[in-house]
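Visitor: Pasting a predicted model and its sequence here:
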Amino acid sequence: MLPQSEDPCPSVSGRATTSPEYTPEERRLLLKLAHEAILSRLKPRHHSPFTPSPHLAELRGVFTTLYLDKKLRGCVGYPAAIAPLYRAVMETAQAAAFDDPRFPPLEINEASGIKISLSVLSPLAPISPAEIEVGQHGLVISAGGCRGLLLPQVPVERGWDRNTFLEQTCRKAGLSANAWHSGAKIEAFTAEVFSDD
C-alpha cells in the first residue's frame, strides 16, 4: 500500500490521546528519524544502522505532517498498520516532503525550517455513530471500493459536530454525505499526536 495524502491535515495543535503510549525519548527518536529520512533524500549520506526497540517495531499506521513557517507543507500517511512504526515514519516523512501532489518537492534550502508532527494511529475498530467522540476518534468510512479517513484533530479545528464529522468523512470517501446512515462501514481509531514543538 502506498502512503496516502491526508486532506485536510491537522495543525500542530491537534489533540493527542489522553494517556501517551510513547515516552518522550521514543517521540524524540521518531521525530529525529523523520527529519533524517527527509535529509537523506536531499543530501545522500551514510547512516549508521538503526536497531528499533520492539515497541517502535510494532506495525502501526501513521501520518506525517510537515509545516514551513507554520503553514502546511505536506501530509502523507499509512492509515493501516502495514509497516513497523519506525519505518512507516521514515517512509511517510519522505512522501510528505517529496510526493504530496498538493505541493512541489521540498528543496534543500527549506529543510532547516521544516517542523514535523506525527499522528500515530491505534488499530481500527468498528464503532456506532452514537459512540463517536469528536476530538478523540478519527474515522474511516467505507462502502464498495470507496474509503475515506479523517484524523481526530480535523473536526475540532473545523468546528464540526458528530454528524458533520460523519458526513465529511463520507464525502472524503467519495460517498454521499448520508452514506453512514445507509450501510457504509464505520470504523474509528485514536491518534497520539506529537511534534517538534
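Guide: Yep, it's here. Numbers count the residues shown, from 1 in each chain.

Visitor: Would you mind finding the longest helix in the protein?
Guide: helix 24-42 (DSSP state H).

Visitor: Nearest the middle, which residue of this protein would you pick?
Guide: Phe63 (2.0 Å; C-alpha atoms, centre = their mean).

Visitor: so that residue, which of the three states?
Guide: strand (DSSP: H, G, I helix; E, B strand; the rest coil).

Visitor: So it is in contact with Val76, correct?
Guide: Yes: counting by C-beta atoms under 8 Å, Phe63 touches Val76, with 7.1 Å between them. In short, each C-beta sits where N, CA and C put it, glycine included.

Visitor: Where do the domain boundaries of this structure fall?
Guide: 4-122, 125-190 (automatic domain parsing).

Visitor: and of those domains, who's closest to Asp196?
Guide: Taking C-beta to C-beta, domain 4-122 is the member of those nearest to Asp196, at 4.6 Å.

Visitor: The closest residue to Ala191 other than its chain neighbours pairs with what?
Guide: Spatial nearest neighbour of Ala191, excluding adjacent residues (C-beta to C-beta, 6 or more residues apart in numbering): Ser119 at 4.2 Å. Beta-bridge pairing of Ser119 under DSSP bridges involves Phe63, Val193.

Visitor: pLDDT value on Ser119, please?
Guide: With respect to pLDDT, Ser119 scores 93.

Visitor: my guess is it meets Cys75, correct?
Guide: No: counting by C-beta under 8 Å, Ser119 does not reach Cys75; the two are 9.2 Å apart.
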